[in-house]
Structure formats: structure tokens, C-alpha cells
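Asks: for reference, the sequence and a predicted model appear below.
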Amino acid sequence: MLATNRQREGTTEEILAWVDSTMEKEIRTYHSKKAVMRVTKAALDCVVSVTGRKPRPGKDTVFIRPIPDSQYSIRLWAGSAYTHEFCMDFVDSVTEHAVNSPFKFELWIVPDPDSSWLGAPAGCVRSLERNFGISQDKILPGEEKFILRDGQTCLIKRPGKRDILFTVPVRKRPERTAVAHDAHVLDFPKEV
């Protein structure tokens with residue numbers, strides 16, 4: 001597909017020559033310009049889900065919980081419903097203004113303590129900005145955020161202080177009316 005994530009440098013003529021060369025390669029891959037355009041259109045027509053925007057006061061549902069032994073709180077708000085994401089940042093507990101990583105910590109995704117035998121993968125999470133290669137000192141004040149998934153259990157490890165454990169909310173989904181597979185569905189209880 002005629003696309004790149006790298007910025008092209010050069011004159012207009014040089015960039016147009018690169019576009020022509022890239023199109024020729026794509027035509028060889030897909031066997032026709034019409035096929036290249038069809039594949040490109042399908043990619044551009046797909047659903048684009050934006051996540052990471054800071055919450056809008058009075059418009060977005062926000063959950064704020066104070067961090068014990070700290071002047072800061074954790075703030076969660078809904079990110080992309082399409083990809084089941086929540087966003088997290090830190091706020092000053094008094095002003096509720098967002099701050100970037102206000103203390104030394106590690107944010108971990110850990111197995112759910114209620115079903116730890118399922119062996120969910122654990123891993124350390126970095127901020128969205130750090131994942132995009134922005135160094136910590138270059139993140140604009142109050143703009144740092146972390147992307148979590150609905151239902152994930154998270155652990156914040158702070159040197160010299162007790163760990164913090166929380167579970168990301170799960171958004172209600174519409175009742176399932178159809179089964180993904182042509183099968184009979186047995187209705188076992190979810191909890192006993």
C-alpha cells in the first residue's frame with residue numbers, strides 16, 4: 001500500500017519521483033493500479049479509533065482515587081470503546097490538575113487476583129508518550145498518559161512504599177444476541 005511512516009525530505013520533484021517509484025512497486029505486488037487503489041481505499045476506510053485525549057471537564061466520565069501516602073491521585077477515563085481502552089494519568093489531589101510521573105514508580109499489568117490461575121501475562125507499562133519515543137523530560141507538562149484495557153488489574157510499585165493495586169473498569173456491553181459460532185450455548189453461572 002502506498003504509505004509510509006517516515007517523512008520524506010526533498011524537492012517537490014524528488015518527492016513525486018519517490019511516489020511514482022513506490023506506486024510502480026505496489027502495482028508489481030498487486031498486479032494492477034486498480035488493485036492498489038482498492039487495497040489503499042480499504043485501509044483508509046477502516047475505523048480509526050482515537051485514544052489518549054485528556055478528559056473534557058463535565059463531558060467525560062472520570063474516576064479519581066487518591067494514592068495513599070501521596071499528594072497525588074490516579075485518574076481514569078474512557079479511551080477507545082472500540083479497542084476497550086481506558087486512559088490513566090496522575091493529578092494533584094487538591095487541584096486535580098494533571099501532572100507527569102510525579103514520583104518514582106513502575107506500573108505493571110498483573111494477573112487478576114480473583115482468577116490468577118488463568119495465567120494472564122504480566123508486564124510493565126510505559127506512558128503513551130514514552131512508547132512513541134518522547135523522552136520523559138520532553139513530555140509537555142500534564143500531558144503524560146497511560147493506556148490500559150478494560151478489566152485489567154494493575155499494580156503500581158513505589159520504592160519504599162506499599163504497592164497499589166486496582167482494576168480498570170469494564171464498560172457494559174450490549175446483551176449478546178448472536179453466537180460467534182454455530183453452536184449451542186450452555187448457561188453456566190459466572191460466579192458461584
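Replies: Arrived safely, thanks for sending. Numbering: from 1, shown residues only.
Asks: so which residue is dead centre in this structure?
Replies: Centroid-nearest residue in the chain: Ile147, 3.9 Å away (criterion: Cα atoms, centre = their mean).
Asks: list the beta-bridge partners for that one.
Replies: Beta-bridge pairing of Ile147 under DSSP bridges involves Cys87.
Asks: residues in contact with it?
Replies: Residues counted as contacts of Ile147 (Cβ atoms under 8 Å, 6 or more residues apart in numbering) are 51-52, 79, 85-88, 125, 128. Backbone N, C-alpha and C define where each C-beta goes, glycine included.
Asks: just checking, Tyr72 touches Val91?
Replies: Yes - counting by Cβ atoms under 8 Å, Tyr72 does reach Val91; the two are 6.7 Å apart.
Asks: now the common contact residues for these two.
Replies: In contact with both Tyr72 and Val91: Val99, using Cβ under 8 Å, 6+ apart.
Asks: can you give me the end-to-end distance of stretch 109-126?
Replies: Across stretch 109-126, the terminal residues are separated by 11 Å (Cα to Cα, to the nearest Å).
Asks: in it, what's buried?
Replies: Within stretch 109-126, the residues that count as buried by 16 or more other Cβ atoms under 10 Å are 109-110, 125.
Asks: again with stretch 130-148
Replies: So, applying 16+ other Cβ under 10 Å, buried residues of stretch 130-148: 139, 144-148.
Asks: redo those residues as a markdown table? Include pLDDT and distance to Met37.
Replies: What follows is those, written out as a markdown table (pLDDT from 0 to 100; distance: Cβ to Cβ, whole Å):
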| residue | pLDDT | distance to Met37 |
| --- | --- | --- |
| Ile139 | 95 | 39 |
| Glu144 | 96 | 40 |
| Lys145 | 96 | 37 |
| Phe146 | 96 | 38 |
| Ile147 | 95 | 33 |
| Leu148 | 95 | 38 |
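Asks: the strands in the protein, which residues?
Replies: Ranges of strands in the chain, per DSSP state E, are 62-66, 72-78, 85-92, 98-99, 106-110, 123-125, 146-149, 153-157, 164-167.
Asks: okay, these, which one's buried deepest?
Replies: When you average the neighbours per residue for each of these (mean count of other Cβ atoms under 10 Å), strand 85-92 leads with a mean of 21.
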